[in-house]
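[1] fold the following and give me the result.
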Amino acid sequence: MQLDLLSVDLRRRNGWETLDLGLAMLREWRRPVLRAWCMTYWPFALLVGAATWTHPLIGAALVWWAKPVFDRVLLYVYSERVFGHQATAAEVRRMLPRLLRSTRLLAGLTLYRFSMARSLFLPVWQLEGQQGRAASARRRVLGARGYGYAAWLTFFCANLIGILVLSGMVLVLMFLPPESDFLQSIWQILDADSLAAQRSLNLLTFIADTIVEPYFVAAGFSLYLNRRSELEGWDIEVAFRRMAARRSGTHALAAALLVTAIAVCLASIPASTCFAQSADPKAPDVGLPSAVTSRTPYPTGEIARRTAEVLADPVFGPKETEWHWVYRGKETETQTPSWLRGLIKWLERFSGGIAEVGRVLAWIAGVTVLALVIYLVARHRERWWTGRRRRRVPETLFGLDIRRESLPADIGAAAREHLSRGNAVGALSLLYRGALSALVHAAGVDFRPGDTERDCWQRARPVLGGNGLQYFRSLLDAWLWAAYGRRPPAATELQRLCDAWADHLGDAALARALRS
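    Numbers count the residues shown, from 1 in each chain. Coordinates of the predicted model:
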């Protein structure tokens, strides 16, 4: 690794300074990074959005799940730029097959998809190519002082995406007409049954990912570089190389002068002097001293003493003592056949793998059961709560009289009569009052004084069936447009609401819905 080509100033940094370094890297190299992101992420997101046009939530989930693929593209661009090379669009396209095949992408999409420190560990799989036990040991070493910062980075980026999406929604609402109700507009955008709202949220999420994800990968890569610099002393090595480069010119000049001086001296010595000793065969053999020709070994005790002094320095960290059980039977390890020792080690690894898989499955099962319990409680809370404790039935709700005696016997016919006289708001008001009264008295729905129209629809969901719930939602939408927007629906839509009222909110229809 040519550390002298690094474009990053290596020095000792704490975790928060390292995260700031990631922001500086993104700001400096934003053009190649955003180009690589837009040429890979956006085509995939738009293609998935088009394929799941009628199910936007599924498309959003697929794009979110596939983000580790595009994180690898960003890391490739960052790793090339750190060593002074700017990856072009053609190089990114050529590298895509290798990034999909040789960077443990399957594990990144399954086992490590929910890892809070995946930004820190991604270079281990992609740049170092570590696998198996070597990768696990490498992650433990890197995460010793970097896991907490990486986890906070993931938490921060996830919340930042949510904040950006919410800000985009508010920005859209700021451009709505002034006569529209602000809270009602928010309710319509957050409507889970509105495909247009879900597609808009997906688009805002894709834009937020484009802003946040490049920083997420850059900050994780900076944490990785800082941790490796601490472990391997990259900053010291780079400093020594720079010192050597500064002195290389001076050393070359001195070496040239020395060689010239030696050549001059040798040229001035007579040749007979040089071969005088070898010409006389009876001359005594005068060799070099034994202290020079022989290599005296360094005393072993001195090495051990100095090694102990160096290791006693606090800079090497505290000492740790590990205890483990060792079999002390008659049969020693040397007496055990090699195939049996290999079998025992394989069984140990196999049992350890089964234990890890079981632990993961137990966590998944626990989370699934907890999510199912929360879902059932949230969905059927009204039915279970009102079955145990009945509140006093109110006479008015939201300023509307919902007493049975205040309503006609045939609400649909009475609403049609209002509609025939041209009183569309009166017809809608009668249908809405009748719906609230039927849900309170016949179905036992416990509306609260501070409930909004959305709360009313949520409280009616456990009681009404699919068609009944859809009819009640259509009635709510028509009432909201007429009451707040001063725009009643068309006469044909009102006629349909009047005709279908008894089929969905009549006493017989509610009784069937409660039995089902």
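
[2] looking at the chain, which helix or strand is least sure?
    The weakest-scoring helix or strand in the chain, judged by mean pLDDT, DSSP states H and E, is helix 290-293 (a mean of 35).

[3] distance check, His418 against Leu505.
    Note on His418: its distance to Leu505, by C-beta to C-beta, to the nearest Å, is 17 Å. C-beta: built from backbone N, CA, C; applies to glycine.

[4] those two: who's more crowded?
    Leu505 (27 against 19; other C-beta atoms under 10 Å).

[5] rewinding a little: next structured bit after the least confident helix or strand of the chain?
    helix 300-311 (DSSP states H and E).

[6] chain center to that following helix: distance?
    Helix 300-311 sits 48 Å away from the centroid of its parent chain (C-alpha atoms, centre = their mean, to the nearest Å).

[7] the residue nearest the centre of the chain and Arg487: what is the separation?
    The chain has Thr154 as the residue nearest its centroid, 5.8 Å off, counting by C-alpha atoms, centre = their mean. Here the criterion is C-beta to C-beta. By it, Thr154 lies 46 Å from Arg487.

[8] before we move on, what about Arg448?
    28 Å.

[9] what is the neighbour count of Met174?
    Neighbours of Met174 under the rule other C-beta under 10 Å: 8.

[10] not counting sequence-adjacent ones, nearest residue to Glu128?
    Closest residue to Glu128 apart from its sequence neighbours, by C-beta to C-beta, 6 or more residues apart in numbering: Arg138 at 6.8 Å.

[11] I'd guessed the one you found sits against Gln131; true?
    No - under the criterion of C-beta atoms under 8 Å, Arg138 makes no contact with Gln131, lying 10.0 Å away.

[12] circling back: ok, for the residue nearest to the centre of the chain, nearest residue in space, not its chain neighbours?
    In space, Thr154 is closest to Met116, 4.8 Å off (C-beta to C-beta, 6+ apart).

[13] surely that neighbour and Gly146 touch.
    No - with contact defined as C-beta under 8 Å, Met116 does not reach Gly146; the gap is 11.6 Å.

[14] with neighbour numbers in mind, choose between the two.
    Gly146 (23 against 15).

[15] can you tell me the element that one falls in?
    helix 132-174.

[16] so which elements touch that helix?
    Secondary-structure packing of helix 132-174 (3 or more C-beta pairs under 8 Å, 6 or more residues apart in numbering; DSSP states H and E): helix 15-28, helix 118-126, helix 182-189, helix 195-232.

[17] what's the mean pLDDT across that helix?
    For helix 132-174, mean pLDDT rounds to 87.

[18] can you pull out the strands in the stretch 351-500 of the chain?
    Ranges of strands in the stretch 351-500 of the chain, per DSSP state E, counting those that start in this stretch, are 396-397, 400-401.

[19] nearest to Arg13, of the ones you listed?
    Closest approach to Arg13 among the strands of the stretch 351-500 of the chain (C-beta to C-beta): strand 396-397, 61.2 Å.

[20] pLDDT weak spots in the stretch 1-150 of the chain?
    Scanning the stretch 1-150 of the chain for pLDDT under 70 picks out 1-9.
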